[in-house]
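# My questions are about this predicted structure, shown below with the sequence.
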Protein chains: 4
Amino acid sequence: MAQLKRTTVGIVGVSGYGGIQLVKLLQEHPLVEIVYLGGKESTGKFYAEVYPHLGHEIDLVIEPIDIDLIVSRCEVVFLGLPNGYTCDLAPKLLSKGCKVFDLSADYRFKNLQVYSYWYNKKRNDIETANSAVYGLPELYRTDIQSTSLIGCPGCYPTASLLALSPLLKQGLILPETIIIDAKSGTSGGGRQAKMNLLLAEAEGSLGTYNVVRHRHTPEIEQICCDLTGHEVKVQFTPYLVPMVRGILSTVYASLRDPGLVRDDLLTIYKAFYRFCPFIRILPKGVYPQTKWACGTNLCYIGIETDSRTDRVIVFSAIDNLIKGQAGQAIQCLNIMMGWEETLGLPQLCFYP
Amino acid sequence: MAQLKRTTVGIVGVSGYGGIQLVKLLQEHPLVEIVYLGGKESTGKFYAEVYPHLGHEIDLVIEPIDIDLIVSRCEVVFLGLPNGYTCDLAPKLLSKGCKVFDLSADYRFKNLQVYSYWYNKKRNDIETANSAVYGLPELYRTDIQSTSLIGCPGCYPTASLLALSPLLKQGLILPETIIIDAKSGTSGGGRQAKMNLLLAEAEGSLGTYNVVRHRHTPEIEQICCDLTGHEVKVQFTPYLVPMVRGILSTVYASLRDPGLVRDDLLTIYKAFYRFCPFIRILPKGVYPQTKWACGTNLCYIGIETDSRTDRVIVFSAIDNLIKGQAGQAIQCLNIMMGWEETLGLPQLCFYP
Amino acid sequence: MAQLKRTTVGIVGVSGYGGIQLVKLLQEHPLVEIVYLGGKESTGKFYAEVYPHLGHEIDLVIEPIDIDLIVSRCEVVFLGLPNGYTCDLAPKLLSKGCKVFDLSADYRFKNLQVYSYWYNKKRNDIETANSAVYGLPELYRTDIQSTSLIGCPGCYPTASLLALSPLLKQGLILPETIIIDAKSGTSGGGRQAKMNLLLAEAEGSLGTYNVVRHRHTPEIEQICCDLTGHEVKVQFTPYLVPMVRGILSTVYASLRDPGLVRDDLLTIYKAFYRFCPFIRILPKGVYPQTKWACGTNLCYIGIETDSRTDRVIVFSAIDNLIKGQAGQAIQCLNIMMGWEETLGLPQLCFYP
Amino acid sequence: MAQLKRTTVGIVGVSGYGGIQLVKLLQEHPLVEIVYLGGKESTGKFYAEVYPHLGHEIDLVIEPIDIDLIVSRCEVVFLGLPNGYTCDLAPKLLSKGCKVFDLSADYRFKNLQVYSYWYNKKRNDIETANSAVYGLPELYRTDIQSTSLIGCPGCYPTASLLALSPLLKQGLILPETIIIDAKSGTSGGGRQAKMNLLLAEAEGSLGTYNVVRHRHTPEIEQICCDLTGHEVKVQFTPYLVPMVRGILSTVYASLRDPGLVRDDLLTIYKAFYRFCPFIRILPKGVYPQTKWACGTNLCYIGIETDSRTDRVIVFSAIDNLIKGQAGQAIQCLNIMMGWEETLGLPQLCFYP
């Protein structure tokens, strides 16, 4: 792993929550050097003016989002911009040799018509979209090694697909019975001053939103389809939980073979994820707490079957901003660069 | 509603969270007078020693749980004891003319074998159990009027059954597809010093417990069976949410007739609950926040259908300690006494 | 207390947190009727569109802030507008016979130069300002009875002055040693989508703001001066605590007579507040929890002396939105109208 | 820093919150190896049974607290036991050549009479107590290098003394005016199932405890005395804040020279702490948020002066379980062993 110089990385969109995770994790990563921070509204400010607690650690000014500037300095760029912006930037960055990790939804979809329908934006960068790899290393590790453009998965899809994939891949469930009930901390709403994300509104309360129409639905379905070879429709319901970080995704499905019990599934899951350093299959009778995953790139998975109803229930917990966003992007970087997959990615939470 | 004297009530088990709700609500109820507080561990203490903020309001000492004492003073008794205690007390209290409202699980089950299986206690008070009415007024108002013993429903069953009943009663769903994903504040765990209920453990975290084996499962199923006339098995999963009060119960089910859409169901629900002063059917596109129900005896219900999956999703929110416990018991008292159903029961939350 | 018709009230600024407290409390008040809701940004909307949980309770549309309209309908107006707006409205409303309760800072100051310095607004409504009474009933009950304009106190000053007044009034402390360390829930920041009030930012964190320059400093000092007859300078430091409601104000001061001990002070405080139905002096060794006051118009006070340092420490807890804002305004209304002071104002919190 | 083998460490009292911090941090420390976990109630259990999320990381069984066993394996021992236990263990461990880091209060006091008075335990290990060093590296780095027994500071004293020391050491304030108002997350109460630490009780509430009699008072005063050469009495008031981790300590004092202003003090503090890698002096007008320190061994300090009152106010924020407990112990270990002071100690928080 010896190398003469650190890889130069830039981060665009550094004032958001995805951005600050990238800054923290990449700052502590042993093989990279942050050489550029880009932003729109905070341009010209020292990063410490946006996040005062970082004053002693990061001495960089936020610069304009300028392709030439970025390309002249960075081998690798992480894009933490709102949906619909990256598809304009990425082709230019790629054409000049940058490796691009996009945290938005722009490069998650192979079928741009699906993207356009759900995200209200026309697209004609079909070729670039086709070259992009969906950055879920537990499913697409090999593809990640040989691309230059990663469409980093959404937070809910990450948790949900890690819970679902072994069942789908091995044909153990009836796909039409899949229900995903997924609960997220409010940082998932981004660093936006929205009324419903105020502590005074969200604290002490629980509620759902975007019922039957959340944009992560088609993203999950696309990967389910890729795993099974045929169309899958999932029921997906998200919630805002009064906590900062963490997603707990609960997946319900009817077993194809009611004889399959929990202990069988634990064995199957362990085998499925045996080369995946960030997946933790919990012992029988133990179910994940989101807190265990917070501050780490881990996904904890707990499994139960119900002999009364012939269903399987899988619970998966991640940190929505790390495994669900910035950490997973860095995991992809490690794989793409041929580094150790776990490099610079925390695996032990602070508890309590 | 004029009456010469207030009805005398006693409360047994006053140091728990159910107990203090009863004390608060009955203290402000215009037609009753609290004349007895009973407890085991706090006997001999002033109530203000247990809850110092009540020093100016309630000047009563906690007395031993003595049948003769209770009967000599109280026309009505609320029992807020752990499961398995009331079935010893209630027959004696009833035989001496007291009206009994039991907040434990002891008188929720008609079939005592089911009770004994799930609660690990043998029972032979079959006659008393048969005379008990399940205290969910929205379903059993008439029966409540003419009994002396109410088995007050559990918190999860209250929320879940209020969401489910119109669908089941009218045969609109396939019962074998029912999934209930129910999230509760930690006060549902009671005023017990358990490690997992500590703020340091529970705050900032979300997790499930008692998966596929929570005791509220058979309670819900019993009422589903009563509504439909045949056995129903539900998938029930509870969670502890980092908040003090409130339950949000999500019910998924497949529609028998896929042509049925949300607006139809809103109409059906409004009709079903048209005489129920505590049920709030939300307009289309609005889903309940638990906070709206906290501090009230209300149940907020939001409904959605998904034409992609032919499912209905119903969300119900209650205050687990009021509509889910003490408030509902008082609602039953009001009905049993022939008083206005809403008497002494708050309908407007403090927001935020 | 019999009266032929309810007093008609209007509320201006109904979408904020002060506004919704007024709506809730006045809606449940037995002697008033809400006949007008006014606002700027939400004009034309049903109130239930702003706060969906109120759909079944309040069937009013938010109307423009029009003096003639208000005067034609309302005997009493509550103004929940930002600082600097009321001083334009109030004189007109008063001249047409309305009683005015201003929740902003505009009519808290006798000395308009102090106001102008701290609030950056020139004023020349000196006569109106002079006719205003500072709406802290525990200190100014008599004046409140005979005015038509109440400048309702700030939340921090309410808690701090109720803790301080007996000490100052009776000359028990050295005024130059007063330090007030006051902690508030984030609803005190108002219903504004500010970044630092987001749950993701404020949850799990504690911090101070406006150190040595918070606008409530001169407000507290003005009343201290009024109580003692000479200028008093207090050290005031506010904090945002990760909770929705509640203020805990800690007052430190050096005792003039070190021989004075806690029990003496408890006696003095009880005597001082003997006619004040909302003040709760706690027994020795008991200190207030903010939660006890939440949802009520109460102020809990706990007192300690330290013989090692000859200081007194007083802790006071209120609900910042009720006793610290809307509830106190209604308490003033009750006094002004000659009604019972406690009418429509809750005195028992929901616990936990 | 090359070394042939890692230093062997043992941790006693591993199920508490101090214990799990030590396990996490030492597990990730590059120069140590955890070879022993000791406990009383959990003896014989795998550590993963106590903290299930650690199943993949720590494969050790909790063993009895046996001196011979410990000494045979460990060069260094961390003791995370309740107060009053270590003073029996430490002399034996030291006599057999172990280096001892005591997280309890037992070795914080030079004057054992003070200890005995506040902790209700007689002591006669005077010699051992005299050899102990108070483990606050920013003040006692040199002494730490040459001892074998560290009495690790309490959490409140750590935060408070780091805020106070430059003022006291340089004689800038009147010591009799010191007031410390210190707010802590509830993990400071330890992993004990106490009623007042339940989420249902503590969430949404703020209150004080142990007013004028908290045991950290004499600990702070002892160090103040050591810094100034004469007795100092401080006013210390602690609070429980509804959050898991973090302490914000506010120190008020009257300036000896009123001409001294904030910018002078910022310069003085920066100079005082110039060799201290974990102290972060914030720029003018910026005050610490506890969240910035959480998950790190940092102490953030913000300073303000008030020309109206001639006082200085210093705010310090730490993670009570890291800089306030386990992290600081490891910082002392690093110093004692001659390693880099920051080794294995995080300096960047996860935000938000």
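It's in.
# Give the other helices and strands that the longest helix belonging to chain A contacts.
Longest helix in chain A by number of residues, with DSSP state H as the criterion: helix A:155-169. If you count contacts as 3 or more Cβ pairs under 8 Å, 6 or more residues apart in numbering or on different chains; DSSP states H and E, helix A:155-169 packs onto helix A:137-145, strand A:179-185, helix A:216-228, strand A:235-241, strand A:247-254, helix A:262-272, strand A:299-306, strand A:311-318. C-beta here means a position set from N, CA and C on the backbone, and glycine is covered the same way.
# Quick one, which of the ones you listed gets closest to residue A:341.
helix A:137-145 (7.0 Å; Cβ to Cβ).
# thinking again about what came up before, any idea which of the helices and strands packed on helix A:155-169 gets closest to residue B:45?
Going by Cβ to Cβ, the one of the helices and strands packed on helix A:155-169 nearest residue B:45 is strand A:235-241, 37.3 Å.
# Show me what residue of the stretch 51-200 of chain A gets nearest to chain C.
residue A:193 (3.7 Å; Cβ to the nearest Cβ).
# show me the contacts for the spatially most distant residue from the centre of chain A.
Distance from the C-alpha centroid of chain A, by Cα atoms, centre = their mean, peaks at residue A:308 (34.6 Å). By Cβ atoms under 8 Å, 6 or more residues apart in numbering or on different chains, the contact list for residue A:308 reads B:212, B:233.
# where does it land in three-state SS?
Classification of residue A:308 by DSSP: H, G, I helix; E, B strand; the rest coil places it in coil.
# Do you know the pLDDT at it?
Here the pLDDT value assigned to residue A:308 is 96.
# picking up where we left off before, was I right to think the residue of the stretch 51-200 of chain A closest to chain C contacts residue C:191?
No - proximity of residue A:193 to residue C:191 does not meet the contact threshold set by Cβ atoms under 8 Å, at 11.7 Å.
# who's more crowded, these two?
residue C:191 (18 against 14; other Cβ atoms under 10 Å in any protein chain shown).
# before we move on, back to that, which parts of the longest helix of chain A are buried?
A:155-168 (16 or more other Cβ atoms under 10 Å in any protein chain shown).
# what's the answer for stretch A:132-146, then?
Within stretch A:132-146, judged by 16+ other Cβ under 10 Å, the buried ones are A:132-141, A:143-144.
# can you pull the alpha-carbon coordinates of it into PDB?
Extracted as PDB, the C-alpha positions of stretch A:132-146 are listed here (Å, rounded to 0.1, in the frame of the first residue of the first chain):
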ATOM      1  CA  ALA A 132     -22.000   4.800 -14.400                       C
ATOM      2  CA  VAL A 133     -22.000   2.100 -11.800                       C
ATOM      3  CA  TYR A 134     -24.400   2.000  -8.900                       C
ATOM      4  CA  GLY A 135     -22.100   2.300  -6.000                       C
ATOM      5  CA  LEU A 136     -23.300  -0.400  -3.700                       C
ATOM      6  CA  PRO A 137     -20.100  -2.400  -3.300                       C
ATOM      7  CA  GLU A 138     -21.800  -5.400  -1.700                       C
ATOM      8  CA  LEU A 139     -23.600  -6.000  -5.000                       C
ATOM      9  CA  TYR A 140     -21.400  -4.300  -7.600                       C
ATOM     10  CA  ARG A 141     -17.800  -4.600  -6.400                       C
ATOM     11  CA  THR A 142     -16.400  -5.800  -9.600                       C
ATOM     12  CA  ASP A 143     -18.100  -3.100 -11.700                       C
ATOM     13  CA  ILE A 144     -16.800  -0.500  -9.400                       C
ATOM     14  CA  GLN A 145     -13.200  -1.500  -9.900                       C
ATOM     15  CA  SER A 146     -13.400  -0.700 -13.600                       C
END
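# could you check whether that stretch is close to chain D?
No - contact check for stretch A:132-146 against chain D, using Cβ under 8 Å from any Cβ of the partner chain: none in range, with a minimum separation of 15.7 Å.
# what does the stretch 251-352 of chain A have sitting close to chain C?
Counting by Cβ under 8 Å from any Cβ, the stretch 251-352 of chain A has no residue next to chain C.
# Considering only the stretch 251-352 of chain A, name the residue that lies closest to chain B.
residue A:291 (3.5 Å).
# And the residue of the stretch 201-350 of chain A that's closest to chain D?
residue A:292 (3.5 Å).
# what about that residue, how many neighbours?
Residue A:292: 25 neighbours (other Cβ under 10 Å).
# Would you mind confirming that it makes contact with residue D:56?
No - counting by Cβ under 8 Å, residue A:292 does not reach residue D:56; the two are 10.9 Å apart.
# ok, and the closest non-adjacent residue to the residue of the stretch 51-200 of chain A closest to chain C?
Nearest residue to residue A:193, sequence neighbours excluded (Cβ to Cβ, 6 or more residues apart in numbering or on different chains): residue C:193, at 3.7 Å.
# Beta-bridge partners for the closest residue to residue A:148 other than its chain neighbours, please?
Spatial nearest neighbour of residue A:148, chain neighbours left out: residue A:99 (4.9 Å); criterion: Cβ to Cβ, 6+ apart. Here residue A:99 sits in beta bridges with residue A:76, going by DSSP bridges.
# Spit out the contact partners of residue A:99.
A:75-77, A:148-149, A:333, A:336.
# Give me the neighbour count for residue A:65.
Neighbours around residue A:65, by other Cβ under 10 Å: 19.
# Could you confirm it falls within a strand?
No - assessed with three-state DSSP, residue A:65 is coil; it does not lie in a strand.
# still on that earlier bit, report the angle between the axes of the longest helix of chain A and strand A:235-241?
If you take axes from the mean of the first three to the mean of the last three Cα atoms, to 10 degrees, helix A:155-169 sits at 140 degrees to strand A:235-241.
# State the mean pLDDT of stretch A:190-203.
Rounded mean pLDDT across stretch A:190-203 is 94.
# So is the strand or helix carrying residue A:23 next to chain D?
For residue A:23, the enclosing helix or strand under DSSP states H and E is helix A:17-27. Yes - using Cβ under 8 Å from any Cβ, helix A:17-27 reaches chain D at A:17, A:20-21, A:24, A:27.
# re earlier: pull up the per-residue confidence for the residue nearest to residue A:148.
98.
# and what of the one 4 residues further on?
According to the model's per-residue confidence, residue A:103 sits at a pLDDT of 97.
# My read is that it contacts residue A:80, right?
Yes - applying Cβ under 8 Å as the test, residue A:103 and residue A:80 come out as touching, 4.8 Å apart.
# Quick check, the residue in the stretch 101-250 of chain A closest to chain B?
residue A:205 (3.5 Å).
# and the helix or strand harbouring the residue of the stretch 251-352 of chain A closest to chain B, what does it pack onto?
Using DSSP H and E, residue A:291 sits in helix A:290-293. Counting contacts by 3+ Cβ pairs under 8 Å, 6+ apart, helix A:290-293 packs against strand A:299-306, strand A:311-318.
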